[in-house]
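**Student:** Requesting a structural model of the entry that follows:
(one chain, ligands or ions: 1)
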Amino acid sequence: MDTLSALAEARLVPVVVLDDAADAGALGDALVAGGLPVAEVTFRTAAAPDAIRLLADRGDILVGAGTVLTAAQVDQAVAAGASYVVSPGTSRAVVERCHEHGILALPGAVTATEIQAALELGLTTVKFFPAGTSGGAPAIAALAAPFVGVQFVPTGGVGPTNLHEYLALPSVAAVGGSWMVPRDRIRARDVAGITELTAAAVALAARPA
Ligand code: 3PG
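**Tutor:** Residues are numbered from 1 along each chain as shown. Below is the predicted model:
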């Protein structure tokens, strides 16, 4: 299965901020126990490359890098074992470096112009960020009309009360968010707490039978 299909199957992408790479083991255990073996480890902290390596080396988690702003960070992420790269906006340099490495790029785009720019870079899936303040699910539905075939990963302001609005749209591949992996709980290595939040998110995101 390719990376995008695997993310679409999971339907949820936990957006992680790790202050210390040594916390990655507890985080990984909690995500797996909660039934969501996926992590987007953000380059907002210096711990990101080491944390990506620790999570990727386990072999049971689909690990990507988030908040990737430069081509150099793409290189670092790939060297650490990331299999996808997420950015808040669309950078030609970042996307082209992802393509050179042959890995999935998910750059942010929330306007028709930004989506066209992403299409020109050869992409068909974008992160819709920040989703909540960019019109939410109605905005994605409106943009999906002209951009037939484009898939969105809304992130930013997504949580238990509104994820169903996004996941109900055929153009939404998955939703991202940090609610199931609170930074303070990662720092506390609260495996039970993160497992519970993750399992609850998985239950909410499950496709209707
Ligand atoms: C991101 O980088 O994708 C966001 O910070 C996650 O947004 P959230 O904290 O509102 O879930």
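**Student:** In terms of pLDDT, where does residue 68 sit?
**Tutor:** Residue-level confidence at residue 68 comes out at 98, pLDDT.
**Student:** ok, it - contacts?
**Tutor:** 43, 74, 77, 85, 86, 87, 94 (C-beta atoms under 8 Å, 6 or more residues apart in numbering). Placement of C-beta: from N, CA and C, glycine included.
**Student:** contacting residues for the fourth one?
**Tutor:** Taking C-beta under 8 Å, 6+ apart, we find residue 85 in contact with 64, 65, 68, 74, 77, 78, 94, 98, 103, 104, 105, 106.
**Student:** which element is it on?
**Tutor:** Under the criterion DSSP states H and E, the helix or strand holding residue 85 is strand 84-87.
**Student:** And the longest helix anywhere in the chain, what's buried?
**Tutor:** Assignment by DSSP state H gives helix 191-205 as the longest helix of the chain. Residues of helix 191-205 classed as buried: 191, 193, 194, 195, 196, 197, 198, 199, 201, 202, 204, 205 (neighbour count, 16 or more other C-beta atoms under 10 Å).
**Student:** That one vs the ligand: in contact?
**Tutor:** No. Helix 191-205 is not in contact with the ligand by C-beta under 6 Å from any ligand atom; minimum separation 11.0 Å.
**Student:** ok, back up a step: okay, the buried residues of helix 191-205 in JSON lines with distance to residue 169 and pLDDT next?
**Tutor:** Output for these, formatted as JSON lines (distance: C-beta to C-beta, whole Å; pLDDT from 0 to 100):
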{"residue": "191", "distance to residue 169": "33", "pLDDT": "98"}
{"residue": "193", "distance to residue 169": "30", "pLDDT": "98"}
{"residue": "194", "distance to residue 169": "28", "pLDDT": "98"}
{"residue": "195", "distance to residue 169": "28", "pLDDT": "98"}
{"residue": "196", "distance to residue 169": "28", "pLDDT": "98"}
{"residue": "197", "distance to residue 169": "24", "pLDDT": "98"}
{"residue": "198", "distance to residue 169": "23", "pLDDT": "98"}
{"residue": "199", "distance to residue 169": "24", "pLDDT": "98"}
{"residue": "201", "distance to residue 169": "18", "pLDDT": "98"}
{"residue": "202", "distance to residue 169": "19", "pLDDT": "98"}
{"residue": "204", "distance to residue 169": "16", "pLDDT": "97"}
{"residue": "205", "distance to residue 169": "13", "pLDDT": "96"}
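**Student:** between those, which is closest to the ligand?
**Tutor:** residue 201 (11.0 Å; C-beta to the nearest ligand atom).
**Student:** my guess is the closest one contacts residue 12, does it?
**Tutor:** Yes. With contact defined as C-beta atoms under 8 Å, residue 201 counts as touching residue 12 (5.7 Å).
**Student:** Overlap in contacts, these two.
**Tutor:** Common neighbours of residue 201 and residue 12 (C-beta under 8 Å, 6+ apart) are 36, 163, 180.
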